[in-house]
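Student: give me a 3D structure for the following:
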Amino acid sequence: MQLHEAPSPPARPVVRFAAEARLPSRYGDFRVLAFECQDDGLDYGVMARGDLEGAENVPVRLHSECFTGDVMGSLKCDCRDQLEAALTCVGKAERGAVLYLPQEGRGIGLANKIRAYALQDKGLDTVEANLALGFPDDLRRYDVAAEILRQLGIRSVALLTNNPTKLLGVARAGIPVASHIPLHTEPNAHNAFYLDTKKKKSGHRL
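Tutor: Okay, the predicted model is just below:
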């Protein structure tokens, strides 16, 4: 595929395309791509469909990794449900992309997320738990994702998200958000309080 390596301003993260392969999946036929970020030393994965070169209003999901939800099927969050909904949506579209971002626990890391879980077991909500550990509500960054989207040739996105902060973060990183597609999932007895907190304290459109 054609990738864009235009000169970057100093504030732009250094991201390099690493590899690409075909990946048939239960959600459709995709291309899987890997990108390496020199700034943080981490790898970023992309599931892509269709011709993205110069495309506008492309369905895009920026999904932060969740070991407990995505991998282990935790019922405490809606991460896996949102990921599967996004892959299903993109898998049915002419073009689109799902970026898998190594930003566990809204950027605080797996160990700290489990510490936050322990505080939630004692009655704190997800925001209060992060604050009790000395972190803000959300430490995620979107500049690396924006650079990957630029290299993919995507001009503007239809962002698959319920999070207004993510919409703002992507726009601030230089990627026009042409529209947004909500990802509504069914709550369960274990994540209803978590979802209510996201709606009331973080403004998620649930």
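
Student: which stretches of the chain have low pLDDT?
Tutor: Scanning the chain for pLDDT under 70 picks out 1-10, 191-206.

Student: so where do the helices sit in the chain?
Tutor: Assigned helices in the chain, in chain order: 79-92, 104-107, 110-121, 126-132, 143-152, 164-172, 192-202 (criterion: DSSP state H).

Student: what helices or strands is the fifth one leaning on?
Tutor: By that I understand helix 143-152. strand 15-25, strand 28-37, strand 43-49, strand 96-101 (3 or more CB pairs under 8 Å, 6 or more residues apart in numbering; DSSP states H and E). For the C-beta atoms, the positions are set from N, CA and C on the backbone; glycine is no exception.

Student: repeat for the shortest one
Tutor: For helix 104-107, the packing partners by 3+ CB pairs under 8 Å, 6+ apart come out as strand 58-64, helix 110-121.

Student: between those, which one is closest to Asn163.
Tutor: strand 58-64 (9.4 Å; CB to CB).

Student: who does the closest one pair up with?
Tutor: According to DSSP bridges, strand 58-64 forms sheet pairs with strand 96-101 (parallel), strand 157-160 (parallel).

Student: send the alpha carbons of it over as PDB?
Tutor: Provided in PDB are the C-alpha atoms of strand 58-64 (Å, rounded to 0.1, in the frame of the first residue of the first chain):
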ATOM      1  CA  VAL A  58     -13.900   7.100   6.800                       C
ATOM      2  CA  PRO A  59     -15.300   5.000   9.600                       C
ATOM      3  CA  VAL A  60     -12.500   4.800  12.100                       C
ATOM      4  CA  ARG A  61     -12.300   3.300  15.600                       C
ATOM      5  CA  LEU A  62      -9.500   4.300  17.900                       C
ATOM      6  CA  HIS A  63      -9.600   1.500  20.500                       C
ATOM      7  CA  SER A  64      -7.500   1.600  23.600                       C
END
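
Student: residues contacting Ala11?
Tutor: Contacts for Ala11 (CB atoms under 8 Å, 6 or more residues apart in numbering) come out as Asp143.

Student: which ones are touching Val157?
Tutor: Applying CB under 8 Å, 6+ apart to Val157 gives the contacts Asn57, Val58, Pro59, Val60, Leu149, Val170, Ile175, Pro176, Val177, Ala178.

Student: show me which of those residues are buried.
Tutor: The neighbour-count test (16 or more other CB atoms under 10 Å) marks Val58, Pro59, Val60, Leu149, Val170, Ile175, Val177 as buried among the contacts of Val157.

Student: closest one of these to Asp137?
Tutor: Looking across these and measuring by CB to CB, the closest to Asp137 is Val170, at 17.7 Å.

Student: so that closest one sits right up against Asp143, yeah?
Tutor: No. In this structure, Val170 is not within contact of Asp143 by CB atoms under 8 Å, at 9.7 Å.

Student: picking up where we left off before, how about JSON lines for the strands paired with strand 58-64, with distance to Tyr27 added?
Tutor: JSON lines is the format used below for the strands paired with strand 58-64 (distance: least, CB to CB, whole Å):
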{"stretch": "strand 96-101", "distance to Tyr27": "9"}
{"stretch": "strand 157-160", "distance to Tyr27": "13"}
